[in-house]
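Novice: This is the structure alone, sequence omitted:
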């Protein structure tokens with residue numbers, strides 16, 4: 001993936017792009033982890049930090065967009081380099097949305113921290129870990145240009161969805177058991193859904209990596225069944 005260019009300035013631009021995307025990815029991964037920890041540790045101050053950190057994520061998104069536009073205007077990339085730039089422009093949108101989801105979780109955590117916990121938070125941190133792993137794998141696949149690693153993200157999505165469904169059903173049982181649980185259980189359902197959406201954004205990134213490397217669009221399930 002990381003082909004060497006005779007134009008060293010062009011090569012440096014591409015290197016900077018990969019590094020900025022990795023930095024943004026690491027930032028949103030950390031925000032997801034912190035937002036869930038704010039819930040499990042009942043730490044509203046940490047939740048407020050997550051909300052405040054969203055500005056940095058937005059700044060990184062603007063920086064990456066600007067860099068991509070500059071490369072397109074000045075370097076006029078072709079073939080695999082052009083796919084890399086267009087992929088980066090799509091990935092940055094998914095990463096920004098992951099940051100937004102972390103903020104949503106943090107805001108829910110601040111509300112839940114004001115009332116007694118509904119039940120021990122066991123599966124929610126597990127769901128968060130799975131989602132973060134998916135994001136990390138997808139970004140690693142992008143940087144290394146590894147379509148096989150990106151396919152692992154596609155396969156891992158089923159595990160994340162299964163855990164989300166388990167949490168959803170458990171919370172539904174709490175709601176049916178006692179109407180006083182509805183507000184807290186609903187908030188926890190939203191948190192679980194936000195984490196499931198983080199996994200969906202990781203899936204989007206992985207699908208774009210496969211397109212970048214192979215030139216094959218796998219964004220829709222039926223296209224995955226087509227022969228290579």
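Specialist: It's in. Because the structure is a prediction, the values reported are computed rather than measured. Numbering: from 1, shown residues only.

Novice: Next up, the contacts around the residue nearest to residue 184 when sequence neighbours are not counted.
Specialist: Of all residues not flanking residue 184 in the chain, residue 118 sits nearest, at 4.3 Å (CB to CB, 6 or more residues apart in numbering). The way it works is simple: take the backbone N, C-alpha and C, and place the C-beta from them, glycine included. If you count contacts by CB atoms under 8 Å, 6 or more residues apart in numbering, residue 118 has them with 171, 174, 181, 184, 185, 188.

Novice: Make TSV out of the residues you listed and add neighbour count, pLDDT and distance to residue 154.
Specialist: Below are these laid out as TSV (neighbours: other CB atoms under 10 Å; pLDDT from 0 to 100; distance: CB to CB, whole Å):
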residue	neighbour count	pLDDT	distance to residue 154
171	24	95	27
174	16	94	32
181	17	94	36
184	19	95	34
185	22	95	31
188	24	96	27
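
Novice: do you know how far residue 200 is from residue 207?
Specialist: According to CB to CB, to the nearest Å, residue 200 stands 11 Å off from residue 207.

Novice: low pLDDT regions in the protein?
Specialist: Residue ranges of the chain with pLDDT under 70: 1-6, 220-228.

Novice: Tell me where it has helices.
Specialist: Using DSSP state H, the helices of the chain run over residues 8-40, 44-75, 79-112, 123-144, 147-177, 182-214.

Novice: Go through the second one and flag the buried ones.
Specialist: What that stands for is helix 44-75. 44, 46-47, 50-51, 53-54, 57, 60-61, 64, 67-68, 71, 75 (16 or more other CB atoms under 10 Å).

Novice: picking up where we left off before, just want to know which of residue 200 and residue 207 has more residues nearby.
Specialist: residue 207 (24 against 17; other CB atoms under 10 Å).

Novice: How about the contacts made by that one?
Specialist: Residues in contact with residue 207 (CB under 8 Å, 6+ apart) are 150, 154, 217, 218, 219.

Novice: let's see 7 Å
Specialist: Contact partners of residue 207, counting by CB atoms under 7 Å, 6 or more residues apart in numbering, are 218, 219.
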